[in-house]
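Student: Okay, structure incoming, though there's no sequence with it:
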C-alpha cells in the first residue's frame, strides 16, 4: 500500500496532514482543554489523518507524530522527559502481547503448520462448496488466537489456498460456474477472517487499542480472556451460519468440488510428513491456549504466556532467534502500536478525552443509556464506509466513542464489547477495509457492486447475531 | 556462534547455568541483602554465565532470565506487575539510541555507503602498508559513531576489504610476503575497530550498559557527548600511532602495495556513481553528528537526533520502513540490551549493588582513591582474558566495579571513563574477544601465539596512551 504513489502524490498527502494539524494547532483551544492538550490533539489528528491518506507506512507517520510532540516539548519539559514519555508505549504489556503473537505467527507460517492445518481442514470438510467454506472458516478460527496479523492469516495463508481450490475445481468447467464458486468462497473467506479477527484480542493487530481505551477511558479491564469470553457464543454462531447465509447472497451453484478436495490432499502430501518443528509448535500453541483460557486459575499474564511459548520454541530450536528477530511485522507493530498507544495516553492524561466526552454526552440528554450505547455502536460500525483501514478507524474513534457512551451513562463493559467486536466486523462493508479483503477482492471473483451488496447484508446479519444473541449473552455474563 | 554446538553440548551448558543459578538461589542470603535481592542475583548470575557459555543466543538467555524473574514473582507482586517491571528496559532512552543506530547502520551497509567510504579512504591513503592501515583506521573512525555493531563495521564492512587488499597485493608475491602484509593489516584493522568502539557510546552495542551503570550506580551522567569528549584526545592519538606501533609488532615487510590501491579504485568504479540514497544518507549522517556534538546548545536528546535521522531517511525514501524494520540486529539489541538493563536495575533497586560495593570497599581501606580506581580498571582490563565476549564482560563486571570504586572514594567520573573505554580496548588481548576479532583472526594471517603477543603489547600501548594522556585530559575536563 502507498508504495505505488508518485512522489508528488505522497508529498501532497503529507502536506494535507500537516496543514490540518497546523490549523487545529493554531486554533484557540475550547474551554476545558489546555493549550498543551490541544496541541497534542492537533498532532494526533494529523497522525490519524495520515493513517487514512497513507503517504507513508503507519509506523513512519506515528514516529513523525511522536517526534513533533517531543521537539515541541508537548510530551515533556525537557527533550529527555519528552522522549521518555514518548517511549512509554514500547514497554506496554499489551503491545508486547501483539509483538509476541507476531513472532509466533511467523513460526506458524515458516514451519508450514498454518498451511498444513488449513489444507487438512479443507480436505476433511470440503465435500461441497459449503464444506470448503467451513474448512476455511475453521482454519481461520484455529489460527486467529495466535496470528494477530489478519492479513497474514487471511491474505497470506488462506486466500492463496482458496484461489487454488477455485482454479482446480474450475478446470474443464465454464467460466461462469468457476466465477460463481469463486465469489462464494471468497466472500465466505473474507468474512470469516473478520469474524475471527473480532473474536480474539490477538486476532487483529490493532485490537489492543480497544483494550487500552477500555482501560484508560472507562476503567474497564477487557483483556484476552474477557475478549474471547464475550465473543465465543456470537462468534461461533456467526461462523456456523456464514456459509449458509452466503448460499443466498452469493450462491455457489451446483458444482462438483471433489477436485478441490483431491488437490488439498495432493498439496498435503507434497508438504511431506509433519516435521519436528511443526509438532513442537503445535504442542506449544495448544499449551498457550490452555494457559490463556485458564488465566484466572494461575494468574499468569497473557503476555507472559506468549513469551513462554516463544521461549519453548527457542529452547527446543524449533525456531532460531534469528528467524524470530527477522519477523519484521512484529517490530512494525511494536513501533506503530506502541506509538499510537502513547499518543492516546497523552490525550487522556491531558483531559482531552474527558472534555470531549462530557461535551458530547449532552447531545444524548434524555436518551436511555442502552439506546445511546447501541446508537453509538451502530454509527461506529457504518462509519467504516468512510475508512480504508480498520486500524485507522479504531485509532480515530474508539476512545472518543467509549468516553461519550460512558459519560452518557451506558454500561462500560457493554459499550467496550460492542465496539471491540464491531471494530473488526465492520470491515465486512467494503472491499477496501483491511488487508485480507483487499487481497481476496484482488483475486477477481467478486465485483465491486457485489461486494457492497453482500457486505451490506452481512452487516445486517452481524447486527442480528451480535445484538440478538450477543446482548443476552453479555447480560448473562453480567456485563450490563 | 553457538550454532555449531550439538544438542548435548547445548543442554549441558544450559544445565550448568541453571545449576549455578539454583545453588546461589538456595544459599542463605548474606547479611544486608534480602531474599528477593538474592534471588534476583541468582538469576542474573545464571544469565551472565549463559552469555559466556552461549548455549543459545544472548537474547534468548536474557528472555529466559526475565521469565524466571516474572514467574517466581521476584520482579513484582502479580504477574502483570512483574511483567511491567521486566518490560521497562524496552522503553529505555539509551536502548532506543542503540536500536536507532542499528537501523541507520543497516542503511549504511545496504546503500553501499560504508563500503564506498572505506574504499575511497583506502584508495586515497593507501600508498604504503601503513597508508592502507590508516585508510582502514579512518574508515573505522568515520563509521563508528553511527554503526553500533562493531561486528558489522569491522567484520562486515572492513575485514572483507582488508582480505581483498592482501590477496590482490599478494598476487605473484611469495606466500611469506603475503602472510606478513596480512598479519600487519589484520592486526591494525582489528585493533582500530576496538579503539573506535571505545570512542563512542554508539560505537559498540553494549556500551550503553556502562552509561546505565554510571547513572544507576554512581549517579553520573555519561551520555554520548561525555563519552566522545573524554575519548577524542587519547582515541585519536591511539589511532594515529597504531600503524606505527604495529610496524614493530608485526612488520609488513617492504612490499609494493600499489596493486591494492588500484583494486580499491576498480572496486569503487564497480560501485558506480553515488546514488541518491547514499547522498541523502551522507547528509543525514553529517547533520546527526553535528546535532549530537552540539547537544548542550539546543538540548535535543541524542536518541531524538537519531530518530530524526531515521525519519529523514524515511520521508525522502532513501530507505523504506520495511528495509529498516527488517534490520534484525536492531531488534536483537532491543531485546538483550533492554533485558540486561532491566535486570541490572532490579539488582540496584534491591540494594544488591550497594551491599556488594560497601562490602568490597573495605578491602581497599587505606589505599588512595586514585590508586583504587586505577587498580580496579587494570584488573577489569586484564580479566578479559577469561571472557569470550565484550558484552558478557561488561554485563558481569561493570556495575560492581563502578560501585566498589565509588564506595572506596574514587572520583566517579574518572572510574566510569576508565571502565567505559577499557570495556572495549580490553578486546585487544585475545582473538576470541568479540565478533570482529574472531572474523579477522579467521582470515588466517595471524597465528594464535602472534595474536596473544601482539595483543599484550597493544594492551601496554593502551595503558600508556589512555592513562598517560587520558588521565591529564580528563583532569583538564574536571573529571577528577
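Tutor: All right, it came through fine. No experiment lies behind these values; they were computed from the predicted model shown. Residues are numbered from 1 along each chain as shown, chains lettered A, B, ... in the order given.
Student: Report the residue spans of chain A with pLDDT below the cut-off.
Tutor: Along chain A, the model assigns pLDDT under 70 to residues A:1-3.
Student: any idea how far chain B is from the residue with the largest distance to the centre of it?
Tutor: No residue in chain A sits farther from the centre than residue A:172, which is 38.2 Å out by Cα atoms, centre = their mean. Separation of residue A:172 from chain B (Cβ to the nearest Cβ, to the nearest Å): 41 Å. Where C-beta positions appear, they are placed from N, C-alpha and C, glycine not excepted.
Student: give me the element residue A:381 is part of.
Tutor: Using DSSP states H and E, residue A:381 falls within helix A:369-382.
Student: Return the distance of the residue farthest from the centre of chain A relative to residue A:444.
Tutor: Separation of residue A:172 from residue A:444 (Cβ to Cβ, to the nearest Å) stands at 20 Å.
Student: ok so, going back, what helices or strands is the helix holding residue A:381 leaning on?
Tutor: helix A:390-407, helix A:412-425, helix A:448-462 (3 or more Cβ pairs under 8 Å, 6 or more residues apart in numbering or on different chains; DSSP states H and E).
Student: Kindly recompute the last result at 6 Å.
Tutor: Applying 3 or more Cβ pairs under 6 Å, 6 or more residues apart in numbering or on different chains; DSSP states H and E, we find helix A:369-382 packed against helix A:390-407, helix A:412-425.
Student: what angle separates the longest one from helix A:412-425?
Tutor: Angular relation of helix A:390-407 and helix A:412-425 on a 0 to 180 degree scale: 160 degrees, by axes from the mean of the first three to the mean of the last three Cα atoms, to 10 degrees.
Student: Helix A:390-407 packs against which elements?
Tutor: helix A:35-53, helix A:207-218, helix A:352-361, helix A:369-382, helix A:412-425.
Student: Any buried residues in the fourth one, and which?
Tutor: Applying a neighbour-count criterion of 16 or more other Cβ atoms under 10 Å in any protein chain shown, the buried positions in helix A:369-382 are A:369, A:372, A:373, A:374, A:375, A:376, A:377, A:378, A:380, A:381.
Student: who are the neighbours in contact with the first one?
Tutor: Okay, so that is residue A:369. A:409, A:410 (Cβ atoms under 6 Å, 6 or more residues apart in numbering or on different chains).
Student: Would you quantify the distance from it to residue A:24?
Tutor: Applying Cβ to Cβ to residue A:369 and residue A:24 gives a distance of 31 Å.
Student: what's the next secondary structure element after whichever strand or helix holds residue A:278?
Tutor: According to DSSP H and E, residue A:278 maps onto helix A:276-293. Downstream of helix A:276-293, the next assigned helix or strand under DSSP H and E is helix A:295-298.
Student: Give me the helices and strands touching the helix or strand just after that next one, please.
Tutor: Counting by DSSP H and E, the next helix or strand C-terminal to helix A:295-298 is helix A:302-315. Secondary-structure packing of helix A:302-315 (3+ Cβ pairs under 6 Å, 6+ apart): helix A:93-110, helix A:276-293, helix B:58-71, helix B:79-87.
Student: List the contacts of the first one.
Tutor: Helix A:93-110 is contacted from outside by A:114, A:146-148, A:152, A:202, A:205, A:208, A:211, A:281, A:302-303, A:306-307, A:309-310, A:313, A:319, A:324, A:327, A:329-330, A:333-334, A:337-338, B:83, B:87, using Cβ under 6 Å, 6+ apart.
Student: Check the last one too.
Tutor: Under the contact criterion Cβ under 6 Å, 6+ apart, helix B:79-87 has outside partners A:91, A:93, A:96, A:299-301, A:303-304, B:66, B:70, B:73, B:75-76, B:342.
Student: which residues touch the residue nearest to the spatial centre of chain A?
Tutor: Nearest to the geometric centre of chain A sits residue A:204, at 3.0 Å (Cα atoms, centre = their mean). Residue A:204 makes contact with A:150, A:197, A:424, according to Cβ under 6 Å, 6+ apart.
Student: Kindly list the main-chain dihedrals of it?
Tutor: phi -150, psi 140 (degrees, to the nearest 10).
Student: Residue A:84 and residue B:87, how far apart?
Tutor: For residue A:84 relative to residue B:87 (Cβ to Cβ), the value is 14 Å.
Student: Residue A:350 and chain B, how far apart?
Tutor: 20 Å.
Student: and that residue, what does it touch?
Tutor: A:36, A:37, A:40.
Student: circling back: let's see if you can find the most crowded of the contacts of helix B:79-87.
Tutor: Sorting the contacts of helix B:79-87 by how many neighbours each has (other Cβ atoms under 10 Å in any protein chain shown) puts residue B:66 first, at 29 neighbours.
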